[in-house]
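Novice: Quick one: sequence and predicted model below, then my questions.
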Amino acid sequence: MIIEDSVGKFFNHKKGDIKDDEILTIASEGKIRDNYKFPNKDGSPKKEKLFLVKKSDGSEANVKFNPTTTDNLKKCYGKDTIKWVGKKVIVKSQWMPISGESKKVVYFLHQNTEFDNETGKWIIRDLEKIQQENNITVETNEQPPITDEQIKENLEDFDNIQ
């Protein structure tokens, strides 16, 4: 048996501990914990990202950050979660299809984030400004688009090989 360290109390959205549009402050750099209750398809435990957050009344408890939440916060504050401490997040929830059922998913997002019903995605308004304020440089692996001229050159090179 594996006994993990206790991480303390959790805020529960279903029970009303936290509500949509409530502003919370991230109070820890987070902790990764194995979740054996809902394992991956291969039987290995899922990794949960737990963060201590603080409400405006001073009460603190843990919440789980899902991949959408962590992607959102990485874009705004960078990959190093120690830099997230003290940052404000807004609680949002959305009904989503999960394993054939509609379930309410709770997110902890940058305050400039809103749901775009057309695309079905969370959009961060003024992202570039937020990144500049937090000294975030955007790394990208994207290649610039290939021009028609480059395509023609590559085709000519290919024709010369045959």
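Specialist: Perfect, thanks for sending it.
Novice: Disregarding residues adjacent in the polypeptide, which is nearest to residue 72?
Specialist: residue 109 (4.9 Å; C-beta to C-beta, 6 or more residues apart in numbering). Every residue, glycine included, has its C-beta placed from N, CA and C.
Novice: Now do the strands in the chain.
Specialist: Secondary structure of the chain (DSSP state E): strands located at 23-26, 31-35, 46-54, 60-65, 88-98, 101-109, 113-116, 121-124.
Novice: what's the spacing between the residue nearest to residue 72 and residue 73?
Specialist: Using C-beta to C-beta, to the nearest Å, we find residue 109 at a distance of 8 Å from residue 73.
Novice: ok, these two, which is more surrounded?
Specialist: residue 73 (23 against 20; other C-beta atoms under 10 Å).
Novice: picking that back up, what residues are shared contacts of residue 109 and residue 73?
Specialist: Common neighbours of residue 109 and residue 73, counting by C-beta atoms under 8 Å, 6 or more residues apart in numbering, are residue 89.
Novice: Was I right to think residue 53 contacts residue 26?
Specialist: Yes: with contact defined as C-beta atoms under 8 Å, residue 53 reaches residue 26; the gap is 5.9 Å.
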